[in-house]
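Colleague: Predicted coordinates and the sequence they were generated for:
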Amino acid sequence: MENQSPSIKSIAYTYGLYLALVSVAGLIIMYVLSLQKSWTISIISIVLSILILVYGIKAYKHANGGLLSVGKAIKVGLAIAVVGGLLSAIYSYVHYSFIYPEFIEMTKEAAYEQMMTQNPNLTDEQANQAMEMQGMFMNPGFFSLMSILSSLFFGLIISLIAGLIMRKDE
């Protein structure tokens, strides 16, 4: 008789929600404190995200009778990352569309100033063309997409490492 492995869904939903909460909390804290970038909050967020992914994989291993393959660790980690990334992306879209839309304008202005400082010989036409190009990437939809993609990439790397460390085959 073949051993049934536990469902990944419940673990993905639970730990994915925790992952999203960390991301949302970081955005809210930076908004409330009027910070555009904060290394401290970023490092805390990364550490908490790693812990959430590792504990999610560990919970799956425990539910699976102590057995864990690298492939299952990656599946669990990516499932957690998908749930967390989607929830974070939804909040990110709302945040940059309705709560803090001025962030995008401030970022565009800072990018323009930096571009003009680095390239003082740019004509107005070239600068406007560059800013138009950049404008395609400076919007809530793009920020949300990057939230999902970065969550998946981060989840893949962490779950691969955690799977290699925690793997235990029959």
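Modeller: Noted; the coordinates are in hand.

Colleague: gap between the closest residue to Gly135 other than its chain neighbours and Ser150?
Modeller: Nearest residue to Gly135, sequence neighbours excluded (CB to CB, 6 or more residues apart in numbering): Lys108, at 7.0 Å. In short, each C-beta sits where N, CA and C put it, glycine included. From Lys108 over to Ser150 the distance is 21 Å, taken as CB to CB, to the nearest Å.

Colleague: residues of the top helix by length along the chain that come out buried?
Modeller: Counting by DSSP state H, the longest helix found in the chain is helix 140-166. Buried residues in helix 140-166, defined by neighbour count with 16 or more other CB atoms under 10 Å: 140, 143-145, 147-148, 151-152, 154-155, 158-159, 161-163, 166.

Colleague: And stretch 17-29, by the same measure?
Modeller: Tyr18, Leu19, Ala20, Leu21, Val22, Ser23, Val24, Gly26, Leu27.

Colleague: quick one: the fourth one is in a helix?
Modeller: Yes. The assignment for Leu21 is a helix, going by DSSP: H, G, I helix; E, B strand; the rest coil.

Colleague: Show the model's pLDDT score for it.
Modeller: pLDDT recorded at Leu21 is 98.

Colleague: Tell me where this structure has helices.
Modeller: Under DSSP H, the chain gives helices at 9-32, 39-63, 70-94, 102-118, 124-135, 140-166.
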